[in-house]
Structures are given as structure tokens and as C-alpha cells.
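Q: Sequence first, then the predicted structure:
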Amino acid sequence: MIKVEGLKKQYKEAVVLDVEALEIPKSECFGLVGNNGAGKTTLFRIMLDLVRASAGKVTFEGNDVSKSEDWKSRVGAYLDEHMLLSYLTPDEYFETLRKIYRLSEEDLKLHLENFKELFNDEILGKKKYIRDLSKGNLKKVGIAAAMMGHPEAVLLDEPFENLDPSSQNRLKKLILQSKENSKITFLISSHDLNHVTEICDRIVLLEKGKVIKDLNEKALMSEELNTYFGV
Ligand SMILES: Nc1ncnc2c1ncn2[C@@H]1O[C@H](COP(=O)(O)OP(=O)(O)OP(=O)(O)O)[C@@H](O)[C@H]1O
């Protein structure tokens, strides 16, 4: 379980995140939505100990992520391209991660087979550096990397952004399959209300850093979100 307790992030006088309490149980597909600047990425960055909270904490299976290391081998994430090694080709990058995660060559092959449809024959074996990939293809590499090493939880910031419509559908299918087969907990931030409502069991809406809605009834999600966003 991922637990957020009394979490605050402040830059000078501006409070950009203020989440009293949030519990994300194992295997949940948790959607995070909110307008630009609502605090979604900040929450993910604190969860990954990339940014220090001004107050409060995030725990993964009881351990404070800012004070322990154990969660690092159990959580995968793709927030943006800074997380990639852009001077490598995707093949070299996955091979590097394979060694870090101590996976066999067969394990890596099996993992990448799950991404065959999503990669659409544009990622592997192309001898193109990651830095030269299109934005959508960069995202695909990042997501495949985030899901390597049998993580218990995967955080994805705007995973559908820059993907073409077929790739968006393939990604949704892949997330649903992984959730079904591996019981991965997914935390997904997105501006695409249709996609998140389709794949997530629960959606939290942030406004100016605060949780203003916590929705888990599928039938009501779209209605409430469409009303809020005026779409
Ligand atoms: N290093 C920083 N210094 C000052 N303010 C920051 C810093 N990082 C983030 N912020 C502010 O924190 C707020 C929340 O930003 P955040 O990126 O978390 O929002 P978001 O919901 O992910 O937005 P978007 O949908 O546009 O990606 C914004 O007002 C942003 O300007």
C-alpha cells in the first residue's frame, strides 16, 4: 500500500500540494487528474523522493520513501525523458536495465514481447539513439522501462500524451493486462478523462494541490469529471 500522510509542498509562500491523507491499496489502478499546475507531477515526484516534502510523508509498504531504499527495487516510474539514458539506443538501454534488475536475457525478451504491438516495429533493432526518437516513441521506451523488473507499483505521468490513437488503445490494453496478470498497482496522471475513467478503479481530482474529489464508482466518474472540467 502507498500511504500519503499530511503531505505539503511549499515553494516560498506558495503551497502547491496539501494532501491530508490518501491510501492507495495494492493492485489498484489509481488515476490522478487536475488542471495544469494542480500538483499531479509534484505528488508523483515526492512519491519517488525526487522532491522533498515541506511536511508529511509518503510510505510504501510502511516505509517512508524519503528515508528508506527498499521501495526502489519494487517501484517503477516514468515521469519524463530525463529518466532515460538518451545517448543509448533503446536496445542498449533495455540491456543496461536488464543487468541492473538482474534479469535473464529470456526475461527481457519476454518483457519486451508484451510491448511488441505498442512498439509497432519502430523501437527495437533500429540503431537510433533515444535522443532521436519521436516524443511518442520516447514515451513508449520510458513506459516499457518503468515496467521492467517486476515492479509492484508503477507511476506514469501523462502516459497517453503524444501517443497516436492506436498506441493509446494498445497502451490501455497493456495496462489492463498487466494489472490482471501481475497485480501491479498503477498510478496514472492524465488529462485524458476518457482513458483514465476507462482503465482506473479510482480517480482523484486535485485542485490547487488539494484533493477535491475521490471517485471510485465507475458510473459516476465520467459524469462528475465532465461537469468539473466543463466538457
Ligand atoms: N521548482 C519549483 N519552483 C516553484 N514552483 C514550482 C516548482 N515546481 C513546481 N512548481 C509549481 O507547483 C505547481 C504544481 O505543479 P505540477 O507540475 O505538480 O502540476 P501538474 O498538475 O503536474 O500540472 P500539468 O498538468 O501542467 O503538468 C505549479 O504551480 C508549479 O508552477
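A: Yep, that arrived. Residues are numbered from 1 along each chain as shown.

Q: for the residue nearest the centre of the chain, what are its contacts?
A: The residue lying closest to the centre of the chain (CA atoms, centre = their mean) is residue 156, at 1.4 Å. Counting by CB atoms under 8 Å, 6 or more residues apart in numbering, residue 156 makes contact with 77-78, 143, 146, 186-189. C-beta here means a position set from N, CA and C on the backbone, and glycine is covered the same way.

Q: OK, contacts around residue 50?
A: residue 79.

Q: distance of it from residue 199?
A: 25 Å (CB to CB, to the nearest Å).

Q: One more: residue 95?
A: The gap separating residue 95 from residue 199 is 30 Å, by CB to CB.

Q: Looking at those two, which is more packed in?
A: Ranked by neighbour count (other CB atoms under 10 Å), residue 95 and residue 199 place residue 199 first, with 18 against 13.

Q: Need phi/psi at that one.
A: Phi and psi for residue 199, reported as degrees, to the nearest 10, are phi -100, psi -20.

Q: I'd guessed it sits against residue 178; true?
A: No - using CB atoms under 8 Å, residue 199 is not in contact with residue 178; the gap is 10.7 Å.

Q: shared neighbours of these two, anything?
A: residue 186.

Q: Residue 177: what's it in contact with?
A: Counting by CB under 8 Å, 6+ apart, residue 177 makes contact with residue 114.

Q: In a helix, it, correct?
A: Yes - under DSSP: H, G, I helix; E, B strand; the rest coil, residue 177 falls within a helix.

Q: Against residue 179, how distant is residue 119?
A: With distances taken as CB to CB, residue 119 is found 20 Å from residue 179.

Q: Quote the end-to-end distance of stretch 5-18.
A: The distance separating the two terminal residues of stretch 5-18, taken as CA to CA, to the nearest Å, comes to 10 Å.

Q: Quick check: buried residues in that stretch?
A: Residues of stretch 5-18 classed as buried by neighbour count (16 or more other CB atoms under 10 Å): 5, 7-9, 15-18.

Q: Could you list which of the residues you listed belong to strands?
A: If you go by DSSP state E, the buried residues of stretch 5-18 have 5, 7-9, 15-18 in strands.

Q: List just the nearest of the residues you listed to the ligand.
A: For these, the closest approach to the ligand (CB to the nearest ligand atom) belongs to residue 16, at 3.5 Å.

Q: Check whether that closest one really touches residue 9, as I assumed.
A: Yes - using CB under 8 Å, residue 16 is in contact with residue 9, at 5.3 Å.
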